[in-house]
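Q: turn this into a model:
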Amino acid sequence: MHTLHISLTLLVFLVALALVFDFMNGFHDSANAIATVVSTGVLKPQMAVLMAAFFNFVAIFVVSMKVAATIGKDTIDPGVVDHYVIFGALVGAIVWNVITWYYGMPSSSSHALIGGLVGSAVAKAGTGALNAAGLTKTVVFIVVAPVMGFVLGTLIMLIVSWLFVRSTPRKVDGWFRRLQLFSAASYSLGHGGNDAQKTMGIIWMLLIATGNSSAASKYPPYWVIIACFAAISFGTLFGGWRIVKTMGQRITKLKPVGGFCAETGGAITLLMASFWGVPVSTTHTITGAIVGVGAAQKMSSVRWGVAGNIVWAWIFTIPASAFMAAIAWWIGTKIL
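A: Presented below is the predicted three-dimensional model:
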């Protein structure tokens, strides 16, 4: 493969831009990790954010790096990767993230990044630049992840209801207020483990293209791994408060028991996806789990209109970020 030669300044700028995206990913998605535990009153927002950020980083010791490999090697043809493609992908994803954050819509940072890569690569080299196998896996999980979250959230809720059928509401509440600390931590572990790797994959892709890393290596360089986990943790720490309300209260009202079931269902889905090397949307997953918990209690307890609006944001994310990335790629070819 032809090695791309770019200045050190440009390389550092693009790595920094990727870490800005990673920070925004944590900022944008912190609500997913903390909305349930905050809305049930188990933790104050500040404490919830601290815990989520800590477990985002701890995921570095728990999760394999298969997702980074999927993004870095299996999404687009490595031969088309250059600084313009990476710039376009990152700018497209960042712009879409800012728009959805501003309007308080819990869209997917992950799919914004995938859309950005697709738009940028197609703008440069046409649809032949896309890797069908890797992209198919990601696109299939746009549906599979929220469905898994929904099914697991519903099942766990039904099992818990059956197990605690003779307990008083006060006793159940007391138990699950404590258990929710465990489920929220598990979810943050799954979130950090899957999401930090997406940026890792982008940086790795750039380093391989510029000859600063080997395509044969199984993992990205250690400094990339640490930088990406640190960036997403700091992003979570600063928290996207606008989305907390949507996720925690507007879809369905949650009690501690419901929060535990939603977070546990979401955490299992994310950790399994990371094990399979599939980059999934943490937003889709937790939303599916919250809707599943609400539906297990009573179908009418879910505000389907709000859930429907969120689905529209999902549908538009990849095409919208791809379109923005294609424009950013063109601008990049003129200014970089």
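
Q: thought residue 259 was touching residue 38?
A: No. In this structure residue 259 lies outside contact range of residue 38 using C-beta atoms under 8 Å: 9.2 Å. C-beta coordinates here come from the backbone N, C-alpha and C atoms, glycine included.

Q: more neighbours, the two?
A: When neighbours are counted by other C-beta atoms under 10 Å, residue 259 and residue 38 differ, and residue 259 comes out ahead with 28 against 25.

Q: grab the nearest non-local neighbour of the more buried one.
A: residue 36 (3.8 Å; C-beta to C-beta, 6 or more residues apart in numbering).

Q: tell me the spacing between that neighbour and residue 260.
A: 8 Å (C-beta to C-beta, to the nearest Å).

Q: give me the common contacts of those two.
A: Residues touching both residue 36 and residue 260 (C-beta atoms under 8 Å, 6 or more residues apart in numbering): residue 180.

Q: hey, which helix or strand in the protein has the poorest pLDDT?
A: Of all helical and strand segments in the chain, the minimum by mean pLDDT, DSSP states H and E falls on helix 241-245, at a mean of 55.

Q: show me what the host helix or strand of residue 46 is packed up against.
A: Residue 46 is part of helix 45-58 when elements are defined by DSSP states H and E. Under the contact criterion of 3 or more C-beta pairs under 8 Å, 6 or more residues apart in numbering; DSSP states H and E, helix 45-58 touches helix 8-39, helix 169-209, helix 222-238.

Q: and the ones you listed, which one averages the lowest pLDDT?
A: Ranked by mean pLDDT, the helices and strands packed on helix 45-58 end with helix 8-39 at the bottom, a mean of 87.

Q: mind listing what's buried in that helix?
A: Across helix 8-39, burial judged by 16 or more other C-beta atoms under 10 Å covers 11, 14-15, 17-19, 21-39.

Q: can you give the distance of it from its chain's centre?
A: 10 Å (C-alpha atoms, centre = their mean, to the nearest Å).

Q: quick revisit: same question for the helix holding residue 46: list its buried residues.
A: 45, 48-58.

Q: which of these lies closest to residue 124?
A: residue 56 (32.9 Å; C-beta to C-beta).

Q: the closest residue to that closest one other than its chain neighbours: neighbour count?
A: Distances taken as C-beta to C-beta, 6+ apart place residue 192 nearest to residue 56, at 3.2 Å, with adjacent residues excluded. Residue 192 has 32 neighbours, counted by other C-beta under 10 Å.

Q: just the one 10 residues further on next, same as before
A: Neighbour count of residue 202, defined by other C-beta under 10 Å: 31.

Q: likewise for residue 120?
A: 35.

Q: and the pLDDT for it?
A: 97.

Q: surely it and residue 327 touch.
A: No. When contacts are counted by C-beta under 8 Å, residue 120 is not listed as touching residue 327 (9.8 Å).

Q: between the two, which contacts overlap?
A: Contacts common to residue 120 and residue 327, judged by C-beta under 8 Å, 6+ apart, are 88, 92.

Q: pLDDT weak spots in the stretch 201-336 of the chain?
A: 240-253, 299-307, 309-310 (pLDDT under 70).

Q: repeat that for 80
A: Applying pLDDT under 80 to the stretch 201-336 of the chain picks out residues 239-254, 297-314.

Q: roughly how far apart are residue 61 and residue 225?
A: For residue 61, the distance to residue 225 equals 11 Å [C-beta to C-beta].

Q: neighbour count for these two, which is higher?
A: When residue 61 and residue 225 are compared for neighbours, residue 225 comes out ahead with 19 against 9, by other C-beta under 10 Å.

Q: that one contacts residue 60, correct?
A: Yes. Assessed by C-beta under 8 Å, residue 225 is found in contact with residue 60 at 6.5 Å.

Q: just give the nearest non-adjacent residue to residue 133, would you?
A: residue 74 (6.5 Å).

Q: which ones are touching residue 328?
A: 87-92, 95, 116, 120.

Q: closest to residue 211 among the residues you listed?
A: Using C-beta to C-beta, these come closest to residue 211 at residue 87, 18.4 Å.

Q: ok, that closest one - contacts?
A: Per C-beta under 8 Å, 6+ apart, neighbours of residue 87: 14, 17, 120, 328-329, 332, 336.

Q: need those in JSON lines (columns: distance to residue 207 and secondary structure).
A: Supplementary listing: the contacts of residue 87 in JSON lines, determined by distance: C-beta to C-beta, whole Å; DSSP: H, G, I helix; E, B strand; the rest coil:
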{"residue": "14", "distance to residue 207": "10", "secondary structure": "helix"}
{"residue": "17", "distance to residue 207": "14", "secondary structure": "helix"}
{"residue": "120", "distance to residue 207": "17", "secondary structure": "helix"}
{"residue": "328", "distance to residue 207": "21", "secondary structure": "helix"}
{"residue": "329", "distance to residue 207": "20", "secondary structure": "helix"}
{"residue": "332", "distance to residue 207": "18", "secondary structure": "helix"}
{"residue": "336", "distance to residue 207": "17", "secondary structure": "coil"}
